[in-house]
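> Give me a model of this one.
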Amino acid sequence: MGETKRLVLKKIYFEKDFQDLLKLYQKKENMQYILSGKYDYTLEELKEKWRNIGFDENSKTGFQVVVFKETNKIIGECALLKTEKPISEELEIAFMVDENFRNSGFATEICNYLIDFAFQTIKTKSIKAGMYKENANSEKLVKKLRFVLEKEGKSKSGIEFREYILEKK
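Numbers count the residues shown, from 1 in each chain. Reported below is the predicted structural model:
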C-alpha cells in the first residue's frame, strides 16, 4: 500500500511472508495486547485469519505486513479497519511491531503514515484506536499523535480497555 522512510507496508503475497509473520505471531510478547491474545498460531490458522482480514484494494482497508527496508524482513503488521460506521465517517487503526524492533520509532512511523492515508486518500473524518488499559506504550503513542480519550470500559471477558479518537482537522 505504501512506504515510509524506513518501512514498506504491503499485502502479503508469498509463502515465505506467511512463515516470517508466523514467527512474530508465535511470540507471547508480540501478541499479549492483541484482541485474542493467541500466540500459538499454526501456519494454516494464520493464513485463514489473513484471508479474512487482509488488505482490500477497493476500500483500502485491512491488514498489511510491515517490512523494514534495511533488512527486507517483516517486523510487524498494521491496518486501517472498518468499524460499524461508514468508512467516510470512521476507521480504526491497528498495529503490531515485533518486540525486537520496539522503541525505535517504528510504531510512530507506521501510525503517521496510516493517519495521513486515512485522512488524505480515504477521506475519513475520524480514526479510532482501541487498546487494553494496561498497554501503556500504545496509550503513550496515541496521546503523542493527538488522539483523545473517548471511552473506557470492560470487554466481555473482563479486560479493561480504552478507546481514543482522532478527528480530521
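> buried stuff in the lowest-mean-pLDDT helix or strand in the chain?
None of the helices or strands of the chain scores lower by mean pLDDT, DSSP states H and E than helix 43-53, at a mean of 89. Neighbour-count burial for helix 43-53, counted by 16 or more other CB atoms under 10 Å, picks out L46, K47, W50. All C-beta spots, glycine's among them, are computed from the backbone N, C-alpha and C.
> how close does the first one sit to A94?
According to CB to CB, to the nearest Å, L46 stands 16 Å off from A94.
> swap in the last one?
Look at W50 and A94: by CB to CB, they are 14 Å apart.
> joint contacts of these two?
Common neighbours of W50 and A94 (criterion: CB atoms under 8 Å, 6 or more residues apart in numbering): F63.
> low pLDDT regions in the chain?
Within the chain, not a single segment meets pLDDT under 70.
> Run through the residues that contact E163.
E163 sits next to K128, A129, G130, L149, E150, K151, E152 when contact means CB under 8 Å, 6+ apart.
> repeat that with 7 Å
If you count contacts by CB atoms under 7 Å, 6 or more residues apart in numbering, E163 has them with K128, G130, E150, K151.
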